[in-house]
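Undergrad: here's a sequence, model it:
(2 chains)
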Amino acid sequence: MRDAFLTPFDRWLWELDDERLAGLRLRDLQHAVVNDGVALPQLTVLTVISDGADPLDLLEARARGVRSARRSGHVGLLHARMGREDYVVAVWPAGDGVFHFVGSVPVTEAAWERVEQSWMNATAPHLSPVILNRDDFGAIGDGLAEHGDTAAARMTARVLRDHSSYSRGWPNLDSVRRPTHHEALSETAGMLVRTLTLDVGTSTRVHLRRTSGASFYRGEFWLFVEVVLNRLQVAAAERRELLSGREREPLAPAAEMLSMDVDRVDLGDPAVRATVLNTITAVRGVQAAVMHDNPYLHVLVTDFLNGATFDVLITDEGRLDILPGLRSSVGSLARVTDALGDALGMRELSLRPVSRLIDDDELLAL
Amino acid sequence: MPPEGSERLVREYQDYNRRCDVVSCFEVYFTEARQMIDTVEHFERFPRFNGVDGEPVTPDFTVRFRDGTMLVGEISKLARNDESLESLLHQVGRYDALSEGPSGSRASGGHDLAPVEAVDVVLLVPAAEANAARDRIDEAKRGGHYGYAPTVRPCVLGYSYDDDTSRFIFTYDDRAGNPRPRSHERDPSLETWLLRNSDTLTCPSERFSRITAVKRFMNDRPPSVYTATLLWLDALPAIAYPEMPPVDVTVAPARMAAWLRTNYGWGDANAVRGALDFLARAGLARQRQDGWVVALKPIANSKEEVRRELADRYLARPRGPVTASDRQERDERRNRELDQTEQNRASQEPLDLDPGIS
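TA: Below you'll find the model as predicted:
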């Protein structure tokens, strides 16, 4: 393998002997690399859920640009190339079917965009990223605040009402106190927070992304692992559990539905309903048919990548319901709910029990 | 701009889906309303049994109450012509004469039957046509037209959908002697509900849509485009599993109808054949001696949905090979023809009569 273009960190990681790689814990990465005289660069992380498939095997077989792969113990490494640039992506299991993809390629570069887009498409529906909601951003900030004062350095968001963008940066000036993560997030009512860059204490800077990712810019890497990646793992594992085993029995009344609360979007608006349909049909491999579209929306959805089916129903403003079908899959539900959540500004996805009985008076209300 | 025929197909689809929703509303009333369900022994969404004349009856739903009486529901779109009225009255007259009805679901599918003490019929008619239906039924009964002489007149309820509140609304009017469905001393009943509520019933989309999503059909045969869409997105991928599209799926209508019955509660081999014919005309299926083969594959692009795409393909009537084996056969035939052409050309070239060779 010609690897002349690997950065010092990538070369160090790729050339670690099997024994050291197998024993390397992610939280000890900074200690290990610095001890070997190599600087820890900024690191980019994408957290994904697996439906049980092995991510390393899948990526080695399907992902564009992967030149080779190696595995030692629980850690897998992929050596990839884009143009003349070589880079390494580590696949670190986080437990409960969740994996962190870790690389030194900055999130803004095409090589990482390929990881998030092309690689995820190629491994769908077995692997799927998850999206962070506002509570996740808040919880990560709270966790970091236990180790030092948090200060927002930059935040981007999308205004749901008109799809305009919002971006705000706070320079680090001695004379001006920057907002805490809570203060920054409080400015985003009616918006979908996309990224938040936080300083913790005096030396650590992290970057959080809605699309299940985060970057470590500098400072204490163990803190990034303990707080940020741990929360990403928890959010991903919760999502995996929420979306697992949702098949329903034929003809059985729906006892529960996946219910998505969305922020300040009028689901009765035909344009919004068109957005819902277009968002669903744009997910790779997904085919859908409108069963009913005026005024309530009912769409039958089938993932032709794995045969999973479900019904999407919008009967009330502010909420979108998903009734899993006779065959269900975590990957299919995750990809479609992520896409819908991004388009509509999902506040929360939860399992909503459906009351079997209704008071007669509710059917008689004029 | 979609072709006009495409709009017609989509309207047929929507109309059938709406009737599914109307039946689902009554399924809500009689299986989910907390007080009403105490009076109900069995709600049947897919009744099929023989009337007193020995011929099958298939109303749109039946409700057997614990007092041994039965409500028969029929959704009707009464056209202005006399044939339509005569047909409806004949149908209603047969329901009026029923002496038995569905009494419970069978584990193996279908339903049991038991004698009934009385029958009431409710006709569900689009609100705009409901008064005309009341008038015309009254005229027919009073004039003794079409031999219509029911024991009990059917109750005509008008139905409409209220966009603002996202719910169905059913209204009663006593015009032209239109009766409420009898209570037979039950309370609650449709009659007591109507009396208490200004002769109006409602059903929110949140409730009925969940039932339609699970049952998918009602007791009338669906338009082929509707069945074809459900086959394409649900039944065919399930039958093909674990293989994934694109894949050629070999199916027998009877087997597919059985799949529909198991999973949706209704399935009919003729309806499946109609849907397969539809897919064949859309260039997506082919009938063979041993059944049908369907070329299951993604057909709708990222801006389109399957229902519309199937309708457009049906109207376009594409020609050419359908399945992978069709394409292979075509390619092999072309290759054979090319070989044959080459051989013929070689055999027709002039003989080499070079005088130097002797």
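Undergrad: for the stretch 51-200 of chain A, which segments count as helices?
TA: Secondary structure of the stretch 51-200 of chain A (DSSP state H, counting those that start in this stretch): helices at A:55-62, A:110-114, A:120-123, A:134-145, A:181-185.
Undergrad: could you check how far B:Arg281 is from B:Pro242?
TA: B:Arg281 sits at a distance of 29 Å from B:Pro242 (criterion: C-beta to C-beta, to the nearest Å). In short, each C-beta sits where N, CA and C put it, glycine included.
Undergrad: and the two? Which one has more around it.
TA: B:Arg281 (17 against 6; other C-beta atoms under 10 Å in any protein chain shown).
Undergrad: quick one: low-confidence residue ranges for the stretch 201-350 of chain B.
TA: B:349-350 (pLDDT under 70).
Undergrad: wait, B:Glu185 sits on B:Gly68?
TA: No: judged on C-beta atoms under 8 Å, B:Glu185 makes no contact with B:Gly68 at a distance of 12.0 Å.
Undergrad: ok, the two, which is more surrounded?
TA: Taking neighbours as other C-beta under 10 Å, B:Glu185 and B:Gly68 compare with B:Gly68 leading, 15 against 8.
Undergrad: got the contact list for the more buried one?
TA: B:115-118 (C-beta atoms under 8 Å, 6 or more residues apart in numbering or on different chains).
Undergrad: if I look at it, how far off is B:Gly104?
TA: For B:Gly68 relative to B:Gly104 (C-beta to C-beta), the value is 14 Å.
Undergrad: try A:Phe99
TA: For A:Phe99, the distance to B:Gly104 - C-beta to C-beta - is 51 Å.
Undergrad: more neighbours: those two, which one.
TA: For the pair A:Phe99 and B:Gly104, the greater number of neighbours falls to A:Phe99 (23 against 12), based on other C-beta under 10 Å.
Undergrad: quick one: the residue in the stretch 51-200 of chain A that chain B sits nearest to from A:Thr309, how far?
TA: Here the residue of the stretch 51-200 of chain A nearest chain B is A:Pro125; by C-beta to the nearest C-beta that distance is 10.5 Å. Distance, A:Pro125 to A:Thr309, by C-beta to C-beta: 13 Å.
Undergrad: what does B:Glu32 give?
TA: B:Glu32 is 24 Å from A:Thr309, by C-beta to C-beta.
Undergrad: for A:Leu132, grab the count of nearby residues.
TA: Other residues close to A:Leu132 by other C-beta under 10 Å number 25.
Undergrad: tell me who's in contact with the nearest residue to it once chain neighbours are set aside.
TA: In space, and not counting its chain neighbours, A:Leu132 is closest to A:Arg210: 5.2 Å by C-beta to C-beta, 6 or more residues apart in numbering or on different chains. Neighbouring residues of A:Arg210 by C-beta under 8 Å, 6+ apart: A:131-132, A:192-195, A:342.
Undergrad: okay, A:Arg210: pLDDT?
TA: Listed pLDDT for A:Arg210 reads 91.
Undergrad: quick check: phi and psi on it?
TA: With angles defined as degrees, to the nearest 10, A:Arg210 sits at phi -60, psi -40.
Undergrad: and what of B:Leu284?
TA: phi -120, psi 0.
Undergrad: nearest spatial neighbour of it, skipping sequence neighbours?
TA: Closest to B:Leu284 by C-beta to C-beta, 6+ apart is B:Ala295, at 5.5 Å.
Undergrad: just give me the neighbour total for A:Ala365.
TA: 12.
Undergrad: oh sorry, the question was meant for A:Arg25
TA: Other residues close to A:Arg25 by other C-beta under 10 Å number 13.
Undergrad: let me see the contact set for A:Leu77.
TA: A:13-14, A:21, A:69-71, A:88-91.
Undergrad: kindly state the domain boundaries assigned to the chain.
TA: Here I'm looking at chain A. A:8-129, A:256-353 (automatic domain parsing).
Undergrad: actually chain B
TA: If you go by automatic domain parsing, chain B breaks into B:4-215, B:224-325.
Undergrad: what residues does A:Leu351 make contact with?
TA: Taking C-beta under 8 Å, 6+ apart, we find A:Leu351 in contact with A:242, A:256-259.
Undergrad: could you do B:Glu41 as well?
TA: Neighbours of B:Glu41 in contact, by C-beta under 8 Å, 6+ apart: B:64-66, B:103-104.
Undergrad: by neighbour count, which of the residues you listed wins?
TA: Top of the contacts of B:Glu41 by neighbour count (other C-beta under 10 Å): B:Arg64, with 26 neighbours.
Undergrad: thought that residue was touching B:Thr39?
TA: No: between B:Arg64 and B:Thr39 there is no contact under C-beta under 8 Å: 10.3 Å.
Undergrad: do you know how far B:Ala114 is from chain A?
TA: B:Ala114 is 22 Å from chain A, where distance means C-beta to the nearest C-beta, to the nearest Å.
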